[in-house]
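A.B. asks: when you get a sec, could you give me coordinates for this:
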Amino acid sequence: MLHKVVQVRLYPTKEQQAQLAQAFGCSRWWWNYALNKSIEAYKETGKGLGRSALNALLLALKKAEDTCWLADCYSQVLQATTLNLTTAYKNFFEGRVGFPKFKSKHGKQSIQYPQNVKIVDGESSPEGGFPSVGNWRTRKGNVKLPGNIGIVKAKIHRPIEGKIKTVTVSKTPSGKYLASILTEVEGEKPTTTEGKIYGVDLGLKHFAVVTDGKKVSKYDNPKHIAKHEKNLKRKQKKLARKQKGSNSRNRYRKVVAKVYERVSNSRQDFLHKLSYKLVSDSQAVIVENLHLLGMVRNHKLAASISDCGWGMFTNFLAYKLERKGAKLVEIDRWFPSSKLCSHCFYQIGEMPLDVREWTCPHCGTDHDRDGNASINIRAEGIRMLKADGSAVSAVGGEVRPKMGRKSHLRHSPMSTEAHAVPTGSALGSSLSPSDNSR
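C.D. replies: Below you'll find the predicted structure:
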């Protein structure tokens, strides 16, 4: 089975907006209440509350006089909130994410419908999807939500294929309503062993330096925040002057939110286009497994690093490559990609960040720092793919057979391990995990 997500814009009426606001409030209140009860139970007994215990507590709250308004909310919305909270706890204890946080009414609001959502208005197929014909950029449709909300107008910009599983309805801080429709499509995941193998070095001056083994391409950093900095600063000043709690401040908060939304949309547009360009003709893309949380602790570079969206770019590559049947390889963050000569594999000792070009003292080859790093990243990734037993073709580049360190092959049935085994005088000094200067 394959899963796909399509996000569409919703246009609810005033009455439907009020009903959605009530549902958002009930879901948010129940999340915060259940999270608080779970924390208290853990402090008292050393164990949290499970899904069945929380649902039993919810049933009691619906019957209580003070919280009987919870019964007005569609029951499966609150049950989905319970499931999401228990899943958040599970992910926390397994080390994938941080501890669950309380939700605020000032942030993004969302609810989830686990079933009974339909695409209507006479254009849906018997399976609940759309036919793959027509002008999808101008096609409109309706989304029927269960409960008392009913049919909501929507802009369907692409075909919704397969069986609808869950639908998440959200409201952005700027006031837009969106529906993320998760569908399940029958079929097996494809696999491909044809195409190029890209090595990608992510940076600040150049967002990405990419090589396919024959040429090196550089993609400049768009610096999305810098383009809107003047406009954002002016609007934030105006917002700060407004009295807290006033209607004027609440209205103008949406104006500031729209600027941030514009920045976010431009960033995602750039990352989607670049990731699609790399995935469209590749069988594998190789990147570094960067420690972003540690990197943003540098207060001088934190804003620039956050604006780049390296983590989002890697996630875009991951799901697009998986959909195509290709592979994403993340090599270890301590791999000395910048300090290693891609010609003779000699490793120099130190290389400050201000050094953008250098000459190998062993073979005399002149290197561009980022271009050399992308070549080394690609070679190390190909070595890891071959060690994993994957059928790949390393066309256009030499593969270093023994240098390397622990790597991560995403969407692969087996994990890969490799240790540094320097051989020969040309390898220079041995690799050390403590040397984090790339």
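A.B. asks: alpha carbons of the helix or strand encompassing residue 239, in PDB - could you do that?
C.D. replies: Using DSSP states H and E, residue 239 sits within helix 224-241. Extracted C-alpha coordinates of helix 224-241, given in PDB (Å, rounded to 0.1, in the frame of the first residue of the first chain):
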ATOM      1  CA  HIS A 224      14.000  34.400   2.500                       C
ATOM      2  CA  ILE A 225      14.000  36.300   5.800                       C
ATOM      3  CA  ALA A 226      16.300  39.000   4.500                       C
ATOM      4  CA  LYS A 227      14.000  39.700   1.600                       C
ATOM      5  CA  HIS A 228      11.100  40.400   3.900                       C
ATOM      6  CA  GLU A 229      13.100  41.800   6.800                       C
ATOM      7  CA  LYS A 230      12.200  45.500   6.300                       C
ATOM      8  CA  ASN A 231       8.500  44.900   5.800                       C
ATOM      9  CA  LEU A 232       8.400  42.500   8.700                       C
ATOM     10  CA  LYS A 233      10.200  44.900  11.000                       C
ATOM     11  CA  ARG A 234       7.800  47.700  10.100                       C
ATOM     12  CA  LYS A 235       4.700  45.600  10.800                       C
ATOM     13  CA  GLN A 236       6.000  44.200  14.000                       C
ATOM     14  CA  LYS A 237       6.700  47.700  15.300                       C
ATOM     15  CA  LYS A 238       3.100  48.700  14.500                       C
ATOM     16  CA  LEU A 239       1.800  45.500  16.200                       C
ATOM     17  CA  ALA A 240       3.900  46.200  19.300                       C
ATOM     18  CA  ARG A 241       2.300  49.700  19.700                       C
END
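A.B. asks: please report the distance of the closest residue in space to residue 274 that isn't next to it in sequence from residue 363.
C.D. replies: Sequence neighbours aside, residue 219 is the residue nearest to residue 274 in space, at 6.2 Å (criterion: Cβ to Cβ, 6 or more residues apart in numbering). Yep, even glycine has a C-beta here, placed from its N, CA and C like the rest. Residue 219 sits 29 Å away from residue 363, going by Cβ to Cβ, to the nearest Å.
A.B. asks: okay, the two: which has more neighbours?
C.D. replies: Neighbours per residue, other Cβ atoms under 10 Å: of residue 219 and residue 363, the larger number sits with residue 219, 17 against 12.
A.B. asks: and the more buried one, which helix or strand is it part of?
C.D. replies: Per DSSP H and E: strand 216-220 holds residue 219.
A.B. asks: contacts for that strand next, please.
C.D. replies: Identification of contacts with strand 216-220 by Cβ atoms under 8 Å, 6 or more residues apart in numbering yields 205-211, 274, 368, 370-371, 374-375.
A.B. asks: quick one on the thing from earlier: for the residue nearest to residue 274, give its distance to residue 264.
C.D. replies: 19 Å.
A.B. asks: ends of stretch 187-199, how far apart?
C.D. replies: End-to-end distance of stretch 187-199 (Cα to Cα, to the nearest Å): 30 Å.
A.B. asks: buried set for that stretch?
C.D. replies: The neighbour-count check on stretch 187-199 (16 or more other Cβ atoms under 10 Å) flags 195, 196, 197, 198, 199 as buried.
A.B. asks: switch those over to TSV; also include secondary structure and pLDDT.
C.D. replies: Below are the buried residues of stretch 187-199 laid out as TSV (DSSP: H, G, I helix; E, B strand; the rest coil; pLDDT from 0 to 100):
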residue	secondary structure	pLDDT
195	coil	86
196	strand	90
197	strand	91
198	strand	92
199	strand	91
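A.B. asks: want to try TSV for these, with distance to residue 358 as columns?
C.D. replies: Putting the buried residues of stretch 187-199 into TSV (distance: Cβ to Cβ, whole Å) gives the following:
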residue	distance to residue 358
195	32
196	27
197	25
198	24
199	19
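A.B. asks: quick check, nearest of those to residue 24?
C.D. replies: residue 198 (41.9 Å; Cβ to Cβ).
A.B. asks: now the angle from the lengthiest helix in the chain to strand 216-220?
C.D. replies: Secondary structure of the chain read by DSSP state H shows that its longest helix is helix 247-280. Interaxial angle, helix 247-280 versus strand 216-220 (axes from the mean of the first three to the mean of the last three Cα atoms, to 10 degrees): 170 degrees.
A.B. asks: what angle do helix 247-280 and helix 224-241 make?
C.D. replies: Orientation check (the same axes, to 10 degrees): helix 247-280 against helix 224-241 gives 170 degrees.
A.B. asks: make 57 the first number, not 1, from now on.
C.D. replies: Fine by me, first position is 57 from now on; the one you just mentioned is helix 303-336.
A.B. asks: mind listing what's buried in helix 303-336?
C.D. replies: For helix 303-336, by 16+ other Cβ under 10 Å, it's 308-309, 312-319, 323, 326-327, 330-331, 334-335.
A.B. asks: now do stretch 284-304
C.D. replies: 284, 288, 291.
A.B. asks: format those as a markdown table; extra columns: distance to residue 164.
C.D. replies: Below are the buried residues of stretch 284-304 laid out as a markdown table (distance: Cβ to Cβ, whole Å):
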| residue | distance to residue 164 |
| --- | --- |
| 284 | 20 |
| 288 | 19 |
| 291 | 19 |
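A.B. asks: any idea which of those residues is closest to residue 145?
C.D. replies: After measuring the buried residues of stretch 284-304 against residue 145 - Cβ to Cβ - the closest member comes out as residue 288, at 36.3 Å.
A.B. asks: how near is the residue nearest to residue 330 to residue 260?
C.D. replies: For residue 275, the distance to residue 260 - Cβ to Cβ - is 12 Å.
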